[in-house]
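**Q** need the 3D shape of this:
(chains A and B)
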Amino acid sequence: MLLCDFHIHTSYSDGSVDLRRTIDLFGQAGFDVIAITDHVVNEETPHGKIANRFGFSVREDNFSAYLNHIREEAKRAWDKYGLLVLPGVEITKSSLSSDQSAHVLLIDIKTFVSATWDFEKIFLEAKKQDALIIACHPHHSSQLMVIDTLFLWNNREKYARYIDAWEIANRDDVFNVISLKRYPYIAGSDFHRARHLYSWKTMLNCEKEIGAIKQCIRYNRGVAITLFRNGVPF
Amino acid sequence: MEIFWILSGVTILGLVGFGLQIFAVCSYLKTNQSPGRGRDSIETFPPISILKPLSGLDDNLFDNLESFCRQDYPKYDILCSIQDPNDPAYRVVEKVKNRFPDKGISILVERCNEGLNPKVNNMLPAYRHARYPYILISDSNVMVERDYLRKNIRFMDDPNIGLVTNLIRGVRAKTIGSLFENLHLNSFILGNVCFLKKFLDIPCVVGKSMLMRRSDLEAIGGLKAFKDVLAEDHFIGEKIRERGQQVILSNHMIGNVNEYWGVKRFFNRHLRWGKMRWKILGYKYVTELIGNPVLLSLSSLFFEGPSKRALLFIASVGLVKSVGDFYMGQKINAQLHPLAYVLSPLKDLLMGFVWFMSIANDTVVWRGKRYLIGENTVLFPCPQKGIWTWRYRLLDRIRVRTA
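**A** Below you'll find the model as predicted:
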């Protein structure tokens, strides 16, 4: 089975590890598939303005450089580690209210998608690009100092039809509501620091090829989650 | 007043020792070790079985293993031994094996509980499968140059040489914990190893790289003879010397890659190593305290208070230590940013604390298991009942609750 992580941030947004080192970290650890999903923030909110001001977000003007850099590194990762690297973003709509906040991963996108758009427009654009749409950390998280992102879960009747999978586990949290609703699921690390390598991951039983991976997630067959922990080195 | 001068004297003695360590490192690196009679053709090099005990993901594991697959050496095999098929290292070795199918990599998954030393337990199945006359024990966190095997095997032309070990340097620190680790490896460990060899002719065996003849290892009881000691590397070297053979410390440096360590891991490793040295050296272990001038200089604060003189003295010693470590780092190409050496005195203070901790009790935690250490680092299982159990259960419970 393929060991995968579809939720990774680098220093292009608020991650502490740069893209090359991030890819090396996952390659050295024997991963098969990863998606780089740096934040694209809603710059119309004070939250987003601050993030943009301090460079914690991918913007429209550096999006193609971001994508090209990922492609360049993806080639190196494939040649060296046999690691498939997918380009993506995390659409970040944050507000002070957890009921109004939502984060969505768009994996394998080709052109910029703005976080200022409404969700319907974002999802339709992502579908047009044949990107995977994943609702991340959709329920109450155990992390202190973090505002929960409950908007999509609270409005699931409206939006679930657009969403390819829901994050059932994020870093150390597990959201059992996803399994109760029988939604398609994946798990991701929400990687920001090197130590986040050891967290919930997705295992896929399919070919190491983008089409097969998308199909596997969308149809939710051959998907498993695992809590990736290190042994104790000598 | 007198105490300040006594402490200053001892600190200066420590600084002199530190100076001698720097001298030993520089001169040892310059030593022209021209072993063996030289070989005309690469085909005449004997085959080697490399034992790689694996447990968990070391930093840079893929590249470390790959560096062994790229050796400029005619015939060798790599026996990677893992205790648990679910160990994350398994996937990495498998990938490396697929990338280098012709390099004779074997993955041996076998749970072995013959002894108490987990590393020896891990190596025993690989040792049984080793088929070549030379055995190289190599840790998974080392990265080597292409000529590593060739340079080391040349020593073995001399039948009086029983074991070849290497100098190590810590490289690629990216977190504060790994920075401390690499600073310590590149100053204290390297300095002492070279000092002991240069001035006292005592070769320290570094378990990260040990090349032996299989016949010699068999003659001292094989790996099994060291299954219940913590410092298996040290005692293999001792036994080889008792047989009248030499232990060679090659000045060909190997890299110990420590990239993403936390401070806790750094602390735990050196606590274990400290306890090991305490059990081997006995009262001589006090010399390590004298070899920590930063800690000694700081102790003047307790007796003198924060006087101008004491603070100036502490700052001067810290500066000398940082500059000395920087110089040594440059000599060994440690790949550390010059500003990283500012942390050197802080690291020494932490190590002073580790020194006291290591003599405080006789238990050691290794790979999640707790052991009692006896004389000569002989391991005993930690008692499962009585006060011991409750003490550690309570500590573990507090740790889990506060996580």
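
**Q** helix/strand/coil for the closest residue to chain A within chain B?
**A** Minimum separation of chain B from chain A (Cβ to the nearest Cβ) falls at B:G56, amounting to 2.9 Å. Any C-beta I mention is one placed from the backbone N, CA and C, and that applies to glycine too. Local secondary structure at B:G56 is given as coil here, using DSSP: H, G, I helix; E, B strand; the rest coil.

**Q** for it, the count of nearby residues, please.
**A** Burial of B:G56 is recorded as 18 neighbouring residues (other Cβ atoms under 10 Å in any protein chain shown).

**Q** measure it to B:K369 for me?
**A** Distance of B:G56 to B:K369, given as Cβ to Cβ, to the nearest Å: 14 Å.

**Q** just B:R146 next, same as before
**A** Separation of B:R146 from B:K369 (Cβ to Cβ): 37 Å.

**Q** and after the least confident helix or strand in chain A by mean pLDDT, which helix or strand comes next?
**A** Ranked by mean pLDDT, DSSP states H and E, the weakest helix or strand in chain A is helix A:46-53, scoring a mean of 84. Next along the chain after helix A:46-53, taking DSSP states H and E as the criterion, comes helix A:63-81.

**Q** show me what that following helix is in contact with.
**A** If you take Cβ atoms under 8 Å, 6 or more residues apart in numbering or on different chains as the criterion, helix A:63-81 is touched by A:12, A:19-20, A:23, A:27-28, A:31, A:36, A:38, A:58, A:83-87, A:110-112, B:62, B:95.

**Q** among these, which ones are buried?
**A** With burial judged by 16 or more other Cβ atoms under 10 Å in any protein chain shown, the buried subset of these is A:12, A:19, A:23, A:27-28, A:31, A:36, A:38, A:58, A:83-87, A:112, B:62, B:95.

**Q** inside helices: which ones of those residues?
**A** Of the buried ones among the contacts of helix A:63-81, the ones assigned to helices by DSSP state H are A:L19, A:I23, A:G27, A:Q28, B:F62, B:K95.

**Q** for chain B, what lies in contact range of chain A?
**A** Chain B comes close to chain A at residues B:53, B:55-63, B:84, B:87-89, B:91-92, B:94-95, B:98-99, B:118-119, B:122, B:139-141, B:174-175, B:259-260, B:262, B:366-368, as judged by Cβ under 8 Å from any Cβ of the partner chain.

**Q** swap the cut-off to 7 Å and go again
**A** Counting by Cβ under 7 Å from any Cβ of the partner chain, the residues of chain B close to chain A are B:53, B:55-58, B:60-63, B:87-89, B:91-92, B:95, B:119, B:139, B:141, B:175, B:260, B:367-368.

**Q** find the nearest non-adjacent residue to A:S97, please.
**A** Closest residue to A:S97 apart from its sequence neighbours, by Cβ to Cβ, 6 or more residues apart in numbering or on different chains: A:I147 at 7.8 Å.

**Q** report the contact partners of the one you found.
**A** A:S94, A:L96, A:S98, A:S101 (Cβ atoms under 7 Å, 6 or more residues apart in numbering or on different chains).

**Q** ok, so what distance separates it from A:H140?
**A** Taken as Cβ to Cβ, the span from A:I147 to A:H140 is 11 Å.

**Q** can you tell me which of the ones in helices among the buried ones among the contacts of helix A:63-81 is nearest A:L204?
**A** Comparing these against A:L204 with Cβ to Cβ places B:K95 closest, at 16.7 Å.

**Q** so that closest one touches A:G30, yeah?
**A** Yes. With contacts counted by Cβ atoms under 7 Å, B:K95 reaches A:G30, the gap being 5.7 Å.

**Q** please work out how many residues are found near residue 145.
**A** Going with chain A. 4.

**Q** wrong one, chain B
**A** Using other Cβ under 10 Å: B:E145 sits among 16 other residues.

**Q** part of a strand, is it?
**A** No. Judged by three-state DSSP, B:E145 forms no part of a strand; its state is coil.

**Q** ok so, going back, for the residue nearest to A:S97, phi and psi?
**A** Here is the backbone geometry of A:I147 (degrees, to the nearest 10): phi -80, psi 130.

**Q** so where's the chain shaky on pLDDT?
**A** I'll assume chain A. A:231-234 (pLDDT under 70).

**Q** hmm, no, I was thinking of chain B.
**A** Within chain B, the segments meeting pLDDT under 70 span B:1, B:34-43, B:384-397, B:399-403.

**Q** straight-line length of stretch B:370-380, end to end?
**A** Using Cα to Cα, to the nearest Å, the end-to-end distance of stretch B:370-380 comes to 9 Å.

**Q** mind listing what the residue nearest in space to the middle of chain B touches?
**A** In chain B, the centroid-proximal residue (Cα atoms, centre = their mean) is B:V206; its distance is 5.6 Å. Shown in contact with B:V206 (Cβ under 7 Å, 6+ apart): B:T165, B:N166, B:I168, B:D233.

**Q** outline the domain layout of chain B.
**A** B:33-268, B:362-403 (automatic domain parsing).

**Q** from the chain's centre, how far out does the first one sit?
**A** Its chain's average C-alpha position is 10 Å from that of domain B:33-268, according to Cα atoms, centre = their mean, to the nearest Å.

**Q** returning to what we had before: pretty sure the residue of chain B closest to chain A is touching B:A89, no?
**A** Yes. With contacts counted by Cβ under 7 Å, B:G56 reaches B:A89, the gap being 6.1 Å.

**Q** for B:L343, see how far away B:F180 is.
**A** Counting by Cβ to Cβ, the gap from B:F180 to B:L343 is 7 Å.

**Q** of those two, who's got more company?
**A** Remark: of B:F180 and B:L343, B:F180 carries more neighbours, 28 against 17, as counted by other Cβ under 10 Å.

**Q** where does the more buried one land in three-state SS?
**A** helix.

**Q** which outside residues touch stretch B:14-28?
**A** B:190-192, B:194-195, B:197-199, B:251, B:290-293, B:296, B:317, B:320-321, B:324, B:327-328, B:331.

**Q** in chain A, mark out all the strands, start to finish.
**A** A:2-8, A:33-41, A:84-93, A:102-107, A:132-135, A:165-170, A:173-174, A:185-188, A:200-204, A:223-227 (DSSP state E).

**Q** can I get these in TSV with distance to B:D77?
**A** Converted to TSV, the strands of chain A look like this (distance: least, Cβ to Cβ, whole Å):
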stretch	distance to B:D77
strand A:2-8	27
strand A:33-41	31
strand A:84-93	30
strand A:102-107	41
strand A:132-135	43
strand A:165-170	40
strand A:173-174	43
strand A:185-188	38
strand A:200-204	31
strand A:223-227	31
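
**Q** quick one: closest of these to chain B.
**A** Comparison of the strands of chain A against chain B by Cβ to the nearest Cβ identifies strand A:2-8 as nearest, at 6.6 Å.

**Q** what is that closest one packed up against?
**A** Packing partners of strand A:2-8 (3 or more Cβ pairs under 7 Å, 6 or more residues apart in numbering or on different chains; DSSP states H and E): strand A:33-41, strand A:102-107, strand A:185-188, strand A:200-204.

**Q** report how many residues lie close to the closest residue to B:E259 other than its chain neighbours.
**A** Distances taken as Cβ to Cβ, 6+ apart place B:D59 nearest to B:E259, at 4.0 Å, with adjacent residues excluded. Neighbourhood size, B:D59 [other Cβ under 10 Å]: 25.

**Q** and B:D59, how far from B:P306?
**A** 40 Å.

**Q** equivalent analysis for A:A165, please.
**A** Distance from A:A165 to B:P306, counting by Cβ to Cβ: 60 Å.

**Q** and A:A35, by the same measure?
**A** Distance from A:A35 to B:P306, counting by Cβ to Cβ: 54 Å.
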